[in-house]
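S.K.: model the following, please.
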Amino acid sequence: MNAITCIPSPGQFKMPPLSGAARPGELLFVSGTPGYHADGRIDEGDFDAQFDQSMAVLTQLLGIGGSSLRSVLKVNVLLTRLEDVTLMNQRYARAVGSEPYPARTTSVVLSLPDPRMLLEIECVAAVEAEA
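M.R.: Numbering: from 1, shown residues only. Now for the predicted structure:
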């Protein structure tokens, strides 16, 4: 097995003990990405802002790891409010672009580690280039 490259979470905000992404070879595993800004701020109650921030960090991690949204194979989306599913589908379709879409699971959960978090997105992507 190839060596595993771990990519720290971007920004200055102190995250829990995890890597933002891990790359064991030609796949990149991006950890669950909530809508935190680098300074630890989160847009409470604002699904659109949290979604945008989550996707911005996820996209940044993909780039650092040698991939991009177009090479994502599988996405897991965790939502804390059932009423956000339709909006998430609309925002997600705009964010990932045209078909073919990656495989995806969307779950509505009771809560996430911070009660202000409305969503968390993680993915697995194929590596496009050496990082």
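
S.K.: got a list of what L73 touches?
M.R.: Contact analysis of L73 by CB atoms under 8 Å, 6 or more residues apart in numbering lists L27, P102, A103, C123, V124, A125, A126. For glycine as for every other residue, the C-beta is placed from the backbone atoms N, C-alpha and C.

S.K.: identify the residues contacting P16.
M.R.: With contact taken as CB under 8 Å, 6+ apart, P16 is in contact with P113.

S.K.: am I right that it is in a helix?
M.R.: No - P16 is assigned coil when assessed by DSSP: H, G, I helix; E, B strand; the rest coil, not a helix.

S.K.: so where's the protein uncertain?
M.R.: 1-2, 11-15, 129-131 (pLDDT under 70).

S.K.: ok, now with 80
M.R.: 1-2, 10-16, 129-131 (pLDDT under 80).

S.K.: about what we covered before: buried subset of the contacts of L73?
M.R.: Among the contacts of L73, the ones that count as buried by 16 or more other CB atoms under 10 Å are L27, P102, C123, V124, A125.

S.K.: what helix or strand is the last one located in?
M.R.: When you say that, I think you mean A125. strand 119-126 (DSSP states H and E).

S.K.: and that strand, which strands flank it?
M.R.: According to DSSP bridges, strand 119-126 forms sheet pairs with strand 27-33 (antiparallel), strand 72-79 (antiparallel).

S.K.: so which of these is the most packed in?
M.R.: Highest mean neighbour count among the strands paired with strand 119-126 (mean count of other CB atoms under 10 Å): strand 27-33, with a mean of 22.

S.K.: export it to CSV, keeping only CA atoms.
M.R.: Output of strand 27-33 as CSV, limited to C-alpha atoms (Å, rounded to 0.1, in the frame of the first residue of the first chain):
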residue,chain,number,x,y,z
LEU,A,27,-8.3,8.4,-4.1
LEU,A,28,-8.9,11.4,-1.9
PHE,A,29,-11.1,11.1,1.2
VAL,A,30,-12.4,14.5,2.4
SER,A,31,-13.6,14.7,6.0
GLY,A,32,-17.0,16.0,6.9
THR,A,33,-16.9,19.8,6.2
